[in-house]
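Peer 1: Attaching a predicted model along with its sequence, questions to come.
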Amino acid sequence: MASFGHYIKTEREKREWTQTEFGAKIGINTSAISRIENGSQKFSKSKLKKLSELFQTDIQIVTDLFFADKFARESFKYKCSESIFKVAEETAFYIKNENSTQGKLEL
(Lines give C-alpha, C1' and ligand atoms only; values in the text may rest on other atoms or scores of the structure.)
Protein backbone atom coordinates (compact mmCIF):
# COMPACT_ATOMS: atom_id res chain seq x y z
CA MET A 1 0.00 0.00 0.00
CA ALA A 2 1.44 3.33 -1.04
CA SER A 3 -0.32 5.52 1.56
CA PHE A 4 -3.62 5.83 3.39
CA GLY A 5 -4.70 8.48 0.88
CA HIS A 6 -3.89 6.09 -1.97
CA TYR A 7 -5.96 3.40 -0.24
CA ILE A 8 -8.92 5.80 -0.07
CA LYS A 9 -8.54 6.79 -3.72
CA THR A 10 -8.29 3.17 -4.88
CA GLU A 11 -11.35 2.09 -2.90
CA ARG A 12 -13.34 5.14 -4.01
CA GLU A 13 -12.49 4.48 -7.67
CA LYS A 14 -13.44 0.78 -7.34
CA ARG A 15 -16.91 1.99 -6.47
CA GLU A 16 -16.84 4.54 -9.29
CA TRP A 17 -17.53 7.41 -6.89
CA THR A 18 -16.33 10.88 -7.75
CA GLN A 19 -14.52 12.81 -5.04
CA THR A 20 -17.69 14.88 -4.65
CA GLU A 21 -19.88 11.79 -4.22
CA PHE A 22 -17.47 10.21 -1.76
CA GLY A 23 -17.10 13.47 0.14
CA ALA A 24 -20.87 13.75 0.53
CA LYS A 25 -21.04 10.19 1.86
CA ILE A 26 -18.29 10.69 4.44
CA GLY A 27 -18.94 14.34 5.27
CA ILE A 28 -15.79 15.94 3.83
CA ASN A 29 -15.68 18.57 1.08
CA THR A 30 -14.28 17.73 -2.36
CA SER A 31 -11.11 19.79 -2.07
CA ALA A 32 -10.27 18.08 1.24
CA ILE A 33 -10.82 14.66 -0.38
CA SER A 34 -8.36 15.64 -3.10
CA ARG A 35 -5.76 16.72 -0.53
CA ILE A 36 -6.27 13.55 1.52
CA GLU A 37 -5.80 11.37 -1.55
CA ASN A 38 -2.61 13.17 -2.61
CA GLY A 39 -1.21 13.09 0.92
CA SER A 40 -1.15 16.82 1.63
CA GLN A 41 -3.92 16.58 4.26
CA LYS A 42 -4.49 14.00 6.97
CA PHE A 43 -7.65 11.96 7.23
CA SER A 44 -9.54 12.38 10.51
CA LYS A 45 -9.25 9.48 12.92
CA SER A 46 -12.85 10.18 14.00
CA LYS A 47 -14.08 9.16 10.52
CA LEU A 48 -12.43 5.72 10.43
CA LYS A 49 -15.59 3.85 11.45
CA LYS A 50 -17.65 5.62 8.78
CA LEU A 51 -14.93 4.89 6.21
CA SER A 52 -14.93 1.18 7.06
CA GLU A 53 -18.72 1.12 6.71
CA LEU A 54 -18.65 2.87 3.33
CA PHE A 55 -15.96 0.56 2.00
CA GLN A 56 -17.54 -2.48 3.69
CA THR A 57 -14.18 -3.30 5.23
CA ASP A 58 -13.38 -4.47 8.74
CA ILE A 59 -12.67 -1.52 11.04
CA GLN A 60 -9.43 -3.20 12.19
CA ILE A 61 -8.05 -3.21 8.65
CA VAL A 62 -8.88 0.47 8.14
CA THR A 63 -7.44 1.38 11.57
CA ASP A 64 -4.24 -0.59 10.90
CA LEU A 65 -3.75 1.10 7.52
CA PHE A 66 -4.40 4.54 9.04
CA PHE A 67 -1.89 4.14 11.89
CA ALA A 68 0.70 2.35 9.75
CA ASP A 69 0.67 5.33 7.37
CA LYS A 70 0.89 7.76 10.29
CA PHE A 71 3.81 5.88 11.86
CA ALA A 72 5.67 5.54 8.56
CA ARG A 73 5.31 9.27 7.83
CA GLU A 74 6.55 10.24 11.31
CA SER A 75 9.54 7.90 11.10
CA PHE A 76 10.44 9.34 7.69
CA LYS A 77 9.98 12.91 8.94
CA TYR A 78 12.46 12.31 11.77
CA LYS A 79 14.89 10.37 9.54
CA CYS A 80 14.64 7.14 11.51
CA SER A 81 16.44 4.11 10.17
CA GLU A 82 14.47 1.18 8.82
CA SER A 83 15.21 -0.73 12.02
CA ILE A 84 12.55 1.46 13.66
CA PHE A 85 9.87 -0.88 12.29
CA LYS A 86 11.39 -3.94 14.00
CA VAL A 87 11.84 -1.98 17.23
CA ALA A 88 8.22 -0.78 17.04
CA GLU A 89 7.01 -4.34 16.49
CA GLU A 90 8.95 -5.56 19.52
CA THR A 91 7.69 -2.63 21.61
CA ALA A 92 4.09 -3.30 20.60
CA PHE A 93 4.51 -6.97 21.55
CA TYR A 94 5.96 -5.95 24.93
CA ILE A 95 3.13 -3.47 25.62
CA LYS A 96 0.49 -6.03 24.65
CA ASN A 97 2.01 -8.60 27.01
CA GLU A 98 2.44 -6.06 29.81
CA ASN A 99 -1.20 -5.01 29.57
CA SER A 100 -2.47 -8.59 29.62
CA THR A 101 -0.17 -9.50 32.53
CA GLN A 102 -1.31 -6.55 34.63
CA GLY A 103 -4.91 -7.74 34.41
CA LYS A 104 -4.18 -11.04 36.21
CA LEU A 105 -4.70 -11.43 39.93
CA GLU A 106 -2.74 -13.88 41.95
CA LEU A 107 -4.60 -15.26 44.95
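Peer 2: Thanks, I have the structure now. Everything quoted here is computed from the prediction, not taken from an experiment.
Peer 1: low-confidence ranges in the chain?
Peer 2: Within the chain, the ranges that satisfy pLDDT under 70 run 1, 101-107.
Peer 1: Quick one: the helices in it, in order.
Peer 2: Using DSSP state H, the helices of the chain run over 4-14, 19-26, 30-38, 48-54, 59-77, 83-102.
Peer 1: Dump the ones you listed to TSV, plus mean neighbour count.
Peer 2: Backbone N, C-alpha and C define where each C-beta goes, glycine included. TSV is the format used below for those (neighbours: other CB atoms under 10 Å):
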stretch	mean neighbour count
helix 4-14	18
helix 19-26	17
helix 30-38	17
helix 48-54	16
helix 59-77	14
helix 83-102	10
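Peer 1: Kindly list the main-chain dihedrals of Gln56?
Peer 2: Note on Gln56: its backbone torsions stand at phi 50, psi 50 [degrees, to the nearest 10].
Peer 1: What separation do you get for it and Lys70?
Peer 2: Between Gln56 and Lys70 the computed distance is 23 Å (CB to CB, to the nearest Å).
Peer 1: Enumerate every residue touching Gly27.
Peer 2: With contact taken as CB atoms under 8 Å, 6 or more residues apart in numbering, Gly27 is in contact with 47, 50.
Peer 1: same check, this time on Asn29
Peer 2: By CB under 8 Å, 6+ apart, the contact set of Asn29 is Gly23.
Peer 1: what's the distance between Phe85 and Gly39?
Peer 2: Per CB to CB, Phe85 is found 20 Å from Gly39.
Peer 1: what's the spacing between the closest residue to Glu11 other than its chain neighbours and Ala68?
Peer 2: Nearest residue to Glu11, sequence neighbours excluded (CB to CB, 6 or more residues apart in numbering): Phe55, at 4.8 Å. Distance, Phe55 to Ala68, by CB to CB: 16 Å.
Peer 1: again with Ser81
Peer 2: 17 Å.
Peer 1: Lys14 too?
Peer 2: Distance from Lys14 to Ala68, counting by CB to CB: 20 Å.
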